[in-house]
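[1] Predicted coordinates and the sequence they were generated for:
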Protein chains: 2
Amino acid sequence: MARAKISTNTHGPAIRGVDPWTPSAGKMRQFLSEEERARLAVLASIVRLNKGEEIYSEGQRADAVFNIITGVVKAYKTAPDGSEHVTAFLFKDDMFGLSEEGKYTNSAKALTPLALYRFPVPALRRRLAKDADLEFHVICKLLHELRETQRHAFLLARRRALSKVAMFLQLLENLQAGRGERTAEIYLPMNRSDIGEYLGMSLEAVSRAFRGLTTRGIIKSRDRRHLKIADRSTFDEIAADTTNAP
Amino acid sequence: MARAKISTNTHGPAIRGVDPWTPSAGKMRQFLSEEERARLAVLASIVRLNKGEEIYSEGQRADAVFNIITGVVKAYKTAPDGSEHVTAFLFKDDMFGLSEEGKYTNSAKALTPLALYRFPVPALRRRLAKDADLEFHVICKLLHELRETQRHAFLLARRRALSKVAMFLQLLENLQAGRGERTAEIYLPMNRSDIGEYLGMSLEAVSRAFRGLTTRGIIKSRDRRHLKIADRSTFDEIAADTTNAP
DNA sequence: CTCGAAGTTTGATCTCGATCAAATTTTCAC
DNA sequence: GTGAAAATTTGATCGAGATCAAACTTCGAG
């Protein structure tokens, strides 16, 4: 039986574990109930994609919404001059592809082999219209996604390269911790170029930032995609830094 | 009679004129119907504030959502080191203050004298729960806000100061045009410092960017708060630029 | 396993914008 | 209207990071 956790996430990472928008609600419902999931799962088909494959691209007719079963997705926009801006990295249980006006507002591509639920929009809409409870949850997820996107903007406003990268690593760490992945290591499914496009800096600068953090003993990397925080306090300090001068 | 257009906008500018999330809907409904507005207006009280007054601040219990009748609002976060990051400028008909977990996730302050509708959250929630139609509209507005916040992130990723400022002016222009304000002039209700905090650059750099655009004959300013685009094509070119080198 | 392509690191140079500082203009309270 | 405070402009210095270039490493197809 398909189990589709709903998390409407077009661009911001991590929609899991959203708290409903209400102080008065008794127990927080972190996810949809099993029953709610079941009601949605019947609408979905399952899609598999290879690493590097495009899921949809900007401007295309948005006829489906997706939910990640396994794998990592990159959401991005391409500028007229060909440069890419990564708007979000999306992980297990994230939902993406919700759009206004029936057009996707960004492109999405598989960073790893991928398994997805695919929800045709019309069916999903009909279901939501009939189900106020479900719809309310969607609102909560959207609010959460909004916060994530704001965090991204906040991150971009950081000035120093080290601070940007440290903050990005914090973000990944929280994401992985939040999903109860037990390793103390942070896993980077994306390459330096993607990170640079997400952080608004060159890939060389990303590389140098990693080296900077390493030589100062703040992080230890096992290989290019696995690292851990060695000096938490200076790490947090750097991530929180907003200055530009030494 | 109070007329509250719904536009749920916690941080991103401009929620007016949102297209419902559906390709199949016949006529796009740009706003709530009069009847829908009336249903909401009965829940609201009206608040007036002076320029510079704080509407709410980060972490406070979020017991109300606001909708701007007249005036301009700045939404911002304050870092531990005291620096401010402006997350959005909000205008007439924008709604803000929606939050998860019952806490405001940013502060909001009046940039001009302000008149607001104030909706107590519990009443609004009850109303939304009973009104799937209304709730669906809220989703659409949230989607739109998401796009705006993404645009902000995109803007922050720009490298050159001129490009950031030009893009910001485009944004304001679209906003004002979208609301059918007839002047060919762009109005800047915020000061250089606010702009800098929104664009992730120093206020001096903002000032120099304005001068740069002026001396090159790309914009003409009547005074510090009113300007128009004199050379549209180079203006657009600069706004779209993503490079950093000459 | 081998080879070529893609991704990453490292180096050198140079520019833009942050910062510090100070002059000037605008705003607002009285 | 006047003066103090706030906002803006302008100037000068300096460093972080973009860009160009090239070496090195990893990955994957065959």
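    Noted; the coordinates are in hand.
[2] Tell me the helix or strand right after the helix or strand hosting A:Ser193.
    Assigned by DSSP states H and E, A:Ser193 belongs to helix A:192-199. Downstream of helix A:192-199, the first helix or strand assigned by DSSP H and E is helix A:203-215.
[3] Show residues contacting that following helix.
    Identification of contacts with helix A:203-215 by Cβ atoms under 8 Å, 6 or more residues apart in numbering or on different chains yields A:161-162, A:164-166, A:192-193, A:195-196, A:199, A:219-221, A:227, A:235, A:238. Placement of C-beta: from N, CA and C, glycine included.
[4] Run the chain-centre distance for stretch A:67-83.
    Averaged C-alpha coordinates place stretch A:67-83 at 10 Å from its chain's average position (Cα atoms, centre = their mean, to the nearest Å).
[5] is chain B contacted by that stretch?
    Yes. Counting by Cβ under 8 Å from any Cβ of the partner chain, chain B is contacted by stretch A:67-83 at A:77, A:79-81, A:83.
[6] Select from those the one having the most neighbours.
    Highest neighbour count within these: A:Lys77, with 19 neighbours (other Cβ atoms under 10 Å in any protein chain shown).
[7] who's that residue bridged to?
    In this entry, A:Lys77 is beta-bridged to A:His85, by DSSP bridges.
[8] anything in the helix holding A:Ser193 near DNA strand D?
    No. Between helix A:192-199 and DNA strand D, judged by Cβ under 7 Å from any atom of the strand, nothing touches; the nearest distance is 7.5 Å.
[9] pLDDT of that helix, averaged?
    For helix A:192-199, mean pLDDT is 96.
[10] Torsion angles phi and psi at A:Glu173?
    Phi and psi for A:Glu173, reported as degrees, to the nearest 10, are phi -60, psi -50.
[11] typed the wrong thing, it's A:Ser45
    Per-residue torsions, A:Ser45: phi -110, psi 170 (degrees, to the nearest 10).
[12] Helix, strand or coil: sort out the residue nearest to A:Leu143 when sequence neighbours are not counted for me.
    Nearest in space to A:Leu143, with sequence neighbours left out and distances taken as Cβ to Cβ, 6 or more residues apart in numbering or on different chains, is B:Glu100 at 5.3 Å. Assigned state for B:Glu100: coil (three-state reduction, DSSP: H, G, I helix; E, B strand; the rest coil).
[13] burial of B:Glu100, as a residue count?
    Other residues lying near B:Glu100 total 19 when counted by other Cβ under 10 Å.
[14] can you check A:His85 too?
    Count around A:His85 with other Cβ under 10 Å applied: 20.
[15] How about the contacts made by it?
    A:76-79, A:197, A:200, B:154, B:157.
[16] let's see 7 Å
    A:76-77, A:79, A:197, B:154, B:157 (Cβ atoms under 7 Å, 6 or more residues apart in numbering or on different chains).
[17] try A:Val121
    Residues in contact with A:Val121 (Cβ under 7 Å, 6+ apart) are A:62-65.
[18] Got a quick ChimeraX command for the buried subset of these?
    In ChimeraX, this line selects whichever of the contacts of A:Val121 come out buried by 16 or more other Cβ atoms under 10 Å in any protein chain shown:
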select /A:62,64,65
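[19] For chain A, which residues are neighbours of DNA strand D?
    Counting by Cβ under 7 Å from any atom of the strand, chain A comes close to DNA strand D at A:51, A:159-162, A:200-202, A:204-205, A:223-224, A:244-246.
[20] ChimeraX command for the buried members of those residues?
    Selecting only the buried entries of the residues of chain A next to DNA strand D in ChimeraX, with 16+ other Cβ under 10 Å as the criterion:
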select /A:160,161,162,200,201,202,205
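[21] Just want the phi and psi numbers for A:Gly59.
    Dihedral pair for A:Gly59: phi 90, psi -20, per degrees, to the nearest 10.
[22] thought it was touching A:Thr105?
    No. A:Gly59 lies out of contact with A:Thr105 (Cβ atoms under 7 Å); the separation is 8.4 Å.
[23] Those two: which is more packed in?
    A:Thr105 (22 against 11).
[24] need the contact list for the more buried one.
    So A:Thr105 contacts A:58, A:99, B:147 (Cβ under 7 Å, 6+ apart).
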